[in-house]
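Predicted model and sequence follow; I will ask about them next.
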Amino acid sequence: MRRACLSVSGSESMNRCQPERLRIDEQLPLFSHAIVTDLLRVEMGFQGMVMTDALEMAAIAAYYSSTTTVVKAVSAGVDMLLGSVNALENAVNSGTIVEERIDQSVVRILALKIRRGIL
């Protein structure tokens, strides 16, 4: 079931799948290091960019602050956040998220842009 939900063959980027279809720990898939990093990147070998849906959606915003959402998603291994730029900047400035983690995502995002001829 896990691999069926996360079909990544030939993919350069990925958005999350439906939470009810993929839950392997107590975290939402968006916040799960076990899913984003351990399963997707390590076990399945996905090296592309992982992005979120809009983080201000009621399904997320009703339960989590923008800071909590950003910290949990980036800590899980998400590369591109759709929204909450100020929360990300604050988390990096405070040391909650280390700059090296952001650098990993920047490399994946720039590599995708280069492959697509955007840069």
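Received, thanks. Residues are numbered from 1 along each chain as shown.

max-length helix in this structure?
Ranked by number of residues, the top helix in the chain under DSSP state H is helix 99-115.

Please enumerate residues in contact with that one?
12-13, 47-49, 74-75, 78-80, 88, 92, 119 (CB atoms under 8 Å, 6 or more residues apart in numbering). To be clear about C-beta, it is placed using only N, CA and C from the backbone, and glycine gets the same treatment.

Low-confidence ranges, the chain, go.
Applying pLDDT under 70 to the chain flags residues 1-23.

re earlier: and the two most separated of the contacts of helix 99-115?
Greatest spacing in the contacts of helix 99-115, by CB to CB: Ser75 and Leu119 (27.3 Å).

Helix, strand or coil: sort out the most centrally placed residue in the chain for me.
The centroid of the chain falls nearest to Val78 when counting by CA atoms, centre = their mean (1.7 Å). The local conformation at Val78, judged by DSSP: H, G, I helix; E, B strand; the rest coil, is coil.

Report the beta-bridge partner residues of the residue lying closest to it once chain neighbours are set aside.
Spatial nearest neighbour of Val78, excluding adjacent residues (CB to CB, 6 or more residues apart in numbering): Val50 at 5.1 Å. Using DSSP bridges, the bridge partners assigned to Val50 are Met14.

Settle this for me: Val50 is touching Asp79, isn't it.
Yes: assessed by CB atoms under 8 Å, Val50 is found in contact with Asp79 at 5.2 Å.

which other residues reach stretch 81-98?
So stretch 81-98 is contacted by 51-56, 65-67, 69-71, 73-75, 99, 102 (CB under 8 Å, 6+ apart).

Run a quick neighbour tally on Leu55.
20 (other CB atoms under 10 Å).

which ones are touching it?
Contacts of Leu55 (CB under 8 Å, 6+ apart): 61, 66, 69-70, 73, 81-84.

now those: which count as buried?
Neighbour-count burial (16 or more other CB atoms under 10 Å) is assigned, among the contacts of Leu55, to 66, 69-70, 73, 81, 83-84.

Good, wrapping up.
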